[in-house]
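> Sequence and predicted structure, then a few things I'm wondering about:
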Amino acid sequence: MDTEPIVPPRTAGARPPRGLLTLWGVEMWERFSFYGMRAILVLFLAAPAESRGLGLAPHIAAAVFGMYGALVNLLALPGGWLADRLWGSYRAVVWGGVVIAAGHAVLAVPGGVAFAYTGLLLVAAGTGLLKPGISTMVGRLYDSEDGVDRTRGEDTARRDAGFSLFYMGISIGAFAAPLITGYLGERINWHAGFGAAAVGMLIGLVICVRGRGRLPDAPRAPVRTAPAADLRRMFLASGAAVVFLAVVFALCVLCGQSAADGVIQSVTLLTIAVPLVYFVVLFRTTGLDPVDRSRLGAYVWIFLAASVFWMIAEQGGSLISLFARDHVDRDLFGWEFPTSWFQSLGPLYSIVLATAFAALWLRLGSRQPSTAAKFSLGLFGLGVATLITAGAAAAADGGRVTPLWLIVAFFVQIMAEMCLSPTGLSVTTRLAPSRFANQIMSLWFLSVAMGSALSAQVVRLTTVWSPATYFAVLATAALLCSAGVALARKRLRHLMRGVT
């Protein structure tokens, strides 16, 4: 006789697990602080000194913005290692939040360049700690859940629903943040906007600490001791990265470049070198069977295509924001709304389109486009969105254009991102050899870092090209990359070895 207790249909599945609302609140406020600061960052960097900005040239301000984006994703690697091997996810999230709040607080002090760059480094380091840990904690809520039938897919359905709710918090925080920090920063004082971002992160920290009892073993998990060999490898890798940055920076300065250019060049080269080393090490691993080796080969092309996408898409928060400041008519019933409010369009479109795209792929089922086709569609959509921006720049011709140009451009860009970004995350998990699952997922985030770093380089072209020419060239690059992925889809399908 079966002696296992019968679980009534209610089970735990009638409501989310304890702790999900806590993590939802933490992530919403953390994203509020992140996107709130990001919405006004390039405007602050490029604002003249009389407006209490740093007075950087537009292409330098955009390059610093790109460097910040690269560091946020690059520092997720050591942050994830600390969470996995030493502190545990809860401590990584808490200390990451403390460092983020400290970074925003430093930015809120009108102390000039030194305070601004110190604050950016602190926010990037704290985000690198918090970002990997909090998603892991969401998954562990479902690992420890009782009363769920895992043999009938109930666990998977509930987990997917939980992550959907979790990411809705991200979108809400990202949508609301520019409306508040943008108004404070542009209409009152830049540092008031950064201060609002600090308050947002502090609220998230309070929610995390007060709700720690609802998180799985969060406050009781002991601090672990990593094996000596792992610690030695981590110290060697960190030391090598620091030496690499110092050498490249010194060479740039000796060649007559400014300190800012030296930082940009050194971080860009490091961001390119890290994934290159990752791929070399993975391919040279002994015992890797031919199928996994072939799938890694396919992932190289996916990584490069994603890097091109992010290189162009990330400029929506930098150069396009500066273009909106100077060349878009922002009059609303006689009142000029802040430039940074355009940064709320992306999250708003994401909230609306995410469910629609998920339903579309489910409806198409086995008839939905392949991974290569979705990547090609994403790059094509990005090319179209950038062409629209080029059209706006041409129509402005030194004057101002209707905001409808950017409203439509951001809508097309988010549609493109819906094709490429979730597909990239999904195919990363499916192409990864089981022994390298976490490392391959790190590579996906490194594609964002590499795209951000490359954007810091290409923005230099704005010093020799008009905005219309610059955006038209970027659009052409995206369309050519889209065509290349489409033409190579059969080859990619062969390399993927059954992963469609």
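Sure thing, it's come through.
> Which residues are in contact with residue 456?
62-67, 70, 264, 267-268 (Cβ atoms under 8 Å, 6 or more residues apart in numbering). Where C-beta positions appear, they are placed from N, C-alpha and C, glycine not excepted.
> Excluding covalently adjacent residues, which one is nearest to it?
Nearest non-adjacent residue to residue 456, counting by Cβ to Cβ, 6 or more residues apart in numbering: residue 66, 3.3 Å away.
> Please work out how many residues are found near residue 247.
Residue 247 has 12 neighbouring residues, counting by other Cβ atoms under 10 Å.
> and the gap between it and residue 74?
17 Å (Cβ to Cβ, to the nearest Å).
> still on that earlier bit, how about CSV for the contacts of residue 456, with distance to residue 242 and pLDDT added?
Shown next, in CSV, are the contacts of residue 456 (distance: Cβ to Cβ, whole Å; pLDDT from 0 to 100):
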residue, distance to residue 242, pLDDT
62, 26, 94
63, 21, 94
64, 20, 93
65, 23, 94
66, 21, 94
67, 16, 93
70, 16, 93
264, 17, 91
267, 12, 92
268, 16, 93
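> Neighbour-wise, give me the winner out of the residues you listed.
residue 66 (31 neighbours).
> wait, doesn't it sit right on residue 316?
No - checked against Cβ atoms under 8 Å, the pair residue 66 and residue 316 is beyond contact range at 11.9 Å.
> Redo the contacts of residue 456 as JSON lines? Include secondary structure.
JSON lines is the format used below for the contacts of residue 456 (DSSP: H, G, I helix; E, B strand; the rest coil):
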{"residue": "62", "secondary structure": "helix"}
{"residue": "63", "secondary structure": "helix"}
{"residue": "64", "secondary structure": "helix"}
{"residue": "65", "secondary structure": "helix"}
{"residue": "66", "secondary structure": "helix"}
{"residue": "67", "secondary structure": "helix"}
{"residue": "70", "secondary structure": "helix"}
{"residue": "264", "secondary structure": "helix"}
{"residue": "267", "secondary structure": "helix"}
{"residue": "268", "secondary structure": "helix"}
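> The closest residue to residue 361 other than its chain neighbours: how many residues sit nearby?
Closest residue in space to residue 361, ignoring its immediate chain neighbours: residue 368 at 5.1 Å, by Cβ to Cβ, 6+ apart. Neighbourhood size, residue 368 [other Cβ under 10 Å]: 14.
> same check, this time on residue 277
12.
> helices and strands of this protein: which one has the lowest mean pLDDT?
helix 154-183 (a mean of 76; mean pLDDT, DSSP states H and E).
> what comes up buried for stretch 311-328?
311-325, 327-328 (16 or more other Cβ atoms under 10 Å).
> Start and end of that stretch, how far apart?
Start to finish, the residues bounding stretch 311-328 are 23 Å apart (Cα to Cα, to the nearest Å).
> How far does it sit from its chain's centre?
Its chain's C-alpha centre and that of stretch 311-328 lie 17 Å apart, by Cα atoms, centre = their mean, to the nearest Å.
> For that stretch, what does the pLDDT average out to?
The pLDDT scores in stretch 311-328 average 94.
> same thing with stretch 427-446?
In the prediction, stretch 427-446 has an average pLDDT of 76.
> for the helix or strand harbouring residue 416, packing partners?
According to DSSP states H and E, residue 416 maps onto helix 404-431. Secondary-structure packing of helix 404-431 (3 or more Cβ pairs under 8 Å, 6 or more residues apart in numbering; DSSP states H and E): helix 290-313, helix 319-327, helix 345-364, helix 371-396, helix 437-458.
> relative to helix 437-458, how tilted is it?
Angle of helix 404-431 versus helix 437-458, following axes from the mean of the first three to the mean of the last three Cα atoms, to 10 degrees, is 150 degrees.
> how about low-confidence regions in the protein?
1-16, 139, 142-165, 216-226, 435-439, 499-500 (pLDDT under 70).
> Domain boundaries for it, per the record?
For the chain, automatic domain parsing gives the domain ranges 17-149+158-222, 242-282, 285-500.
> ok so, going back, give me the distance between the residue nearest to residue 361 and residue 74.
33 Å.
> and if you look at residue 301?
Taking Cβ to Cβ, one finds residue 301 at 22 Å from residue 74.
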